[in-house]
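Sequence below, structure please.
(one chain, ligands or ions: 1)
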Amino acid sequence: MTNFPKLGILGAGQLGKMLCQAASPWNLPVYCLDASKDFPAGPYCNELTVGNFKSYEDVLQFGRQMEVLTIEIEHVNTEALLQLQKEGKIIHPNPTALSIIKDKGLQKQFYKDHQIPTSPFQLFDSAAQIKEAIRKGDLALPFVQKARTAGYDGKGVAVIRTMEDVENKLLAAPSVIEALVAIEKEIAVIVARNAKGEIRTFDPVAMEFNPIANLVEFLTCPAGITPQQAKTADELAIQVIQAFDLCGLLAVELFLDRQGNILVNEVAPRPHNSGHHTIDSAITSQYEQHLRAVLNLPLGSTQMLKPSVMVNLLGHPDHQGPVHYEGLEEVLHIEGVKVHIYGKAITKPFRKMGHVTIVADTIAEAKEKARKVQGILKSVS
Ligand code: ADP
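Predicted coordinates:
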């Protein structure tokens, strides 16, 4: 029996599943809280407690049975986590930072207060208030509007370029209005920190978006940026995790703009889509690193073994229902293709059903194979 503290995860989606898989070689027991035992982590954790991670009572009850608690999704009940922290539980990410990060308005204000470069912004309570500001000349087009809470994967983000967009696309919820950045490249750096203060970063990755779903669909590591840009990105990620005083992983999404500036877009204090490739291409995966970091163990080497491209396997746009996968055997013929199916029962348009990492000697070769994979492997009903 290994003597790890009892570790609980709020959420049992794909990130939870991959955390459980990383825990398995150490024989580290992991407990999850989520709405159904059928969720991706269900078969991989030691026990899944059925409950709602947004509910104060459910989180409190679950957390009281754990020694260390972490998350795989931000939208959890932070009041319960604060109470559990008072009761002596170890909570990573710390609930104070988590409540700032959950609210994009507070997050932007945090960067401003800590002199962390980010695009200029203003906060608004309603669409009417935004229209009023435009009318008065206090707010100019174009801009990006983001719902302060509950957005994810590009939902809750509106790019407003014209007065027609103002009429048709404005979100009603309290929001952040940001200057539209002229983006050269979107990159991400995953950084980990443990309670001893040890910090390690993974190499930056470049993200390419599907313009329809606004989801990352192509992710490359190395990112194809200059060593100086990589250094700046790395230093920024470290600055941000220290400012938030976080333990565990922090995925820092960055914009490289056309003037060469690097700005923080947003962060996620947990394993992240932009780190999936590390399972197959780095000495330590982001998932193992998160476990090491939250358990205050020595952090692992983040050295990359091979260039890689990661593609999300998204639900086919025209299919909804019980899932089956087309082309699985065919893609497994391609050398360097590593398939990860999350185990979700139902496919929906653009739902994240799995991902595929392609490792190769060069990014060009990995990209070519990734395009093939995209043409063959389908999540359909
Ligand atoms: P989500 O949390 O839903 O992923 P993001 O803040 O990452 O939302 O925004 C989604 C995408 O919208 C970004 O990846 C980027 O492509 C675009 N975007 C966000 N903010 C800006 C901005 N200020 N300027 C230009 N594009 C932006």
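
The ligand contacts on the stretch 201-350 of the chain?
Residues of the stretch 201-350 of the chain that fall close to the ligand, judged by CB under 6 Å from any ligand atom: 209, 214, 253, 265, 266. All C-beta atoms are positioned from the backbone trio N, CA, C, and that covers glycine.

can you do 5 Å?
Contact residues of the stretch 201-350 of the chain with respect to the ligand, defined by CB under 5 Å from any ligand atom, are listed as residue 266.

mind listing the strands for the stretch 201-350 of the chain?
Listed in chain order, the strands of the stretch 201-350 of the chain (DSSP state E, counting those that start in this stretch) span 205-210, 215-221, 248-257, 262-268, 308-314, 321-322, 324-326, 337-341, 346-347.

Let me know the average pLDDT across the last one.
Confidence over strand 346-347 (mean pLDDT, whole number) is 96.

Which among the strands of the stretch 201-350 of the chain is found nearest to residue 291?
strand 248-257 (9.0 Å; CB to CB).

So in that sheet, which strands flank that closest one, and in what orientation?
Here strand 248-257 has these sheet partners by DSSP bridges: strand 183-193 (antiparallel), strand 262-268 (antiparallel).

quick check, distance from the last one to the centre of its chain.
Taking the mean of its C-alpha atoms, strand 262-268 sits 12 Å from the chain's own mean (CA atoms, centre = their mean, to the nearest Å).

cool, and the first one?
On the basis of CA atoms, centre = their mean, strand 183-193 is displaced by 11 Å from the centre of the chain it belongs to.

and if you look at stretch 78-85?
For stretch 78-85, the distance from its own C-alpha centre to the chain's C-alpha centre is 22 Å (CA atoms, centre = their mean).

again with stretch 125-141
Distance, stretch centre to chain centre, for stretch 125-141: 31 Å (CA atoms, centre = their mean).

how about TSV for the strands paired with strand 248-257, with mean neighbour count and mean pLDDT added?
Compiled in TSV, these are given as follows (neighbours: other CB atoms under 10 Å; pLDDT from 0 to 100):
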stretch	mean neighbour count	mean pLDDT
strand 183-193	23	97
strand 262-268	22	98
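
Where does the stretch 251-381 of the chain get nearest to the ligand, which residue?
For the stretch 251-381 of the chain, the residue positioned closest to the ligand under CB to the nearest ligand atom is residue 266, at a distance of 4.7 Å.

Just list the residues touching that residue, thanks.
104, 107, 253 (CB atoms under 8 Å, 6 or more residues apart in numbering).

Now with 6 Å, please.
Residue 266 makes contact with residue 253, according to CB atoms under 6 Å, 6 or more residues apart in numbering.

and the gap between it and residue 118?
Residue 266 sits 9 Å away from residue 118, going by CB to CB, to the nearest Å.

and residue 236, how many neighbours does it have?
Each residue near residue 236 was counted by other CB atoms under 10 Å, and the total is 20.

Do you know the pLDDT at it?
98.

For residue 159, what is the enclosing helix or strand?
strand 157-160 (DSSP states H and E).

Can you list the neighbours in contact with the helix or strand that comes right after that strand?
Helices and strands here follow DSSP H and E; after strand 157-160, the next one along the chain is helix 163-168. Applying CB under 6 Å, 6+ apart, the contact partners of helix 163-168 are residue 160.

Could you do stretch 103-116 as well?
Contacting residues not belonging to stretch 103-116 are listed as 100, 101, 118, 121, 123, 146, 148, 149, 176, 243, 264 [CB under 6 Å, 6+ apart].

ok, which stretches of the chain are helices?
Listed in chain order, the helices of the chain (DSSP state H) span 14-23, 56-64, 78-86, 95-102, 104-113, 127-136, 163-168, 227-244, 278-281, 286-294, 328-332, 363-376.

Can you check which of those gets nearest to residue 39?
Comparing the helices of the chain under CB to CB, the one sitting nearest is helix 14-23, at 7.7 Å.
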